[in-house]
Each structure stands twice: as structure tokens, then as C-alpha cells.
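sequence unknown, structure follows:
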């Protein structure tokens, strides 16, 4: 029953490639290249040389690694063919016929958008919208079922919230991350990659969730 609903929803979204063909170019971009915008954002945050931004980047990377590890395990335990393997679909982008479940693109985009949201970044709403559009585009272009997207989104958001909560609720992880960043920045400064005026001189306890709320 659920499989039938999943395929019916896939078919409805995928058929939009015929009915709204003027959007296909945008969907191709979203499905193939838009995820790199998240990587570019992480680079911008990292080279802002600000401690909160660098902590965000490390948290995002850890979240993505954990999420993809879970996805890899599920992909082997519950292997599922891509939609174009067993059905006639409108396939707008090339893709290998590997595991479809869960969607790594949806997982990564939703995970990073959630991290940006939890850190209350200025354009967090736009990042969330972009992540949702990336997820939808993977169905539109014929390479994922909706349930693949849903599973990836749940894993990504769950990992982001879980890791963020773990870091914020305990002092030691946050202090360890800051210490690692400070150690890195000292070498960065010695190599002339970072201005001396931006050197870090001490470690502060990470802001807790309660403190964050009190500052709103």
C-alpha cells in the first residue's frame, strides 16, 4: 500500500517535467549543482576567521559525516533500485543505477540547512528553502522516490539537532572544539594566512541553549 502511494506521488511530481517543462533547467541545476552552494557557504564561514562561524563549520561537517555513515548503512541493509531502473520515468539527469534509499542529497542539504537554522544565521530561511527545493528536484528529475527524500531529510535533520544539542548541553565538547580551532589558528597565523589581530587568546564555554534563548 505504502509502496503504491510512494510511486503514485513520484509519478505525479516526475510528470511535472512534462507539464512545467520550462522549469526543467532550474530543476537540473538544483539536483546537480545547488548542493555545492552549501559547501561554498561553509568555506565563507570558515574564512571569516570568526570562532562562532568556525564552530558552526565543524558542527556541520560532523553532522554530515554521521548522517552519511547512517545513510551508507541503511543503503546496504535496505537496498532499493532507482526509479528509472524498474519504471519508465522522465529522467532529466544522468545517474548511476546504485542505491536509491535514502537520498544523500536531501540528507546533506537538510542537515546543513538545519545547522544554519540552529545557529540562527542571517539567511537561514533561504537555506531551508534551497534544501527543500534540492530535495524536490531529485524526484522531479527522476532519480529518487519521495520516501527516499523523506528518509534523507529525517536523518539529516535528526543528526543536526542531536549533535547540536549534545555540544550545547555539555561543556567539554564545545571546549574541545574551540581548543582545536585555536591550535589550528596559531599555525594559520604563523603561515601568514590569518592577521595577528584576530588571534584567539582564551577558551570560553560554549553558549547553552538557555543562554541563547535569553538573548533573543
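Sure thing, it's come through. Just so it is clear, the model here is predicted, and its values are computed rather than measured.

Assign residue 93 to helix, strand or coil.
Secondary structure, DSSP: H, G, I helix; E, B strand; the rest coil: residue 93 is coil.

Wait, it touches residue 30, no?
No: the criterion here is Cβ atoms under 8 Å, and residue 93 misses it with residue 30 at 10.2 Å. C-betas here are computed from N, CA, C, even on glycine.

So these two - more neighbours on which side?
A direct count of neighbours by other Cβ atoms under 10 Å for residue 93 and residue 30 places residue 30 higher, at 23 against 16.

The more buried one sits in which helix or strand?
According to DSSP states H and E, residue 30 maps onto helix 24-32.

Ok, residue 96 next?
Counting by DSSP H and E, residue 96 is found in no helix or strand.

That one: how many residues sit nearby?
Taking other Cβ under 10 Å as the criterion, the count of residues near residue 96 is 7.

for the one 3 residues further on, same thing?
Applying other Cβ under 10 Å, we find 18 residues neighbouring residue 99.

again with residue 23
Using other Cβ under 10 Å, residue 23 is surrounded by 14 other residues.

Tell me the spacing between residue 100 and residue 130.
Applying Cβ to Cβ, to the nearest Å, the value for residue 100 to residue 130 is 22 Å.

confidence score at the closest residue to residue 141 other than its chain neighbours?
Excluding its sequence neighbours, the residue lying closest to residue 141 (Cβ to Cβ, 6 or more residues apart in numbering) is residue 92, at 4.1 Å. Residue 92 is assigned 96 on the pLDDT scale.

Next, count neighbours for residue 170.
For residue 170, using other Cβ under 10 Å, the count is 13.

shouldn't residue 87 be in contact with residue 7?
Yes: Residue 87 is in contact with residue 7 according to Cβ under 8 Å; the separation is 7.4 Å.

returning to what we had before: if I read this right, the residue nearest to residue 141 contacts residue 29, doesn't it?
No: Residue 92 is beyond contact range of residue 29, at 10.7 Å (criterion: Cβ under 8 Å).

Against which helices or strands is the lengthiest helix in the chain packed?
Using DSSP state H to define each element, the chain has its longest helix at helix 51-77. Using 3 or more Cβ pairs under 8 Å, 6 or more residues apart in numbering; DSSP states H and E as the contact test, the elements touching helix 51-77 are helix 35-46, helix 104-118, helix 146-169, helix 171-190.
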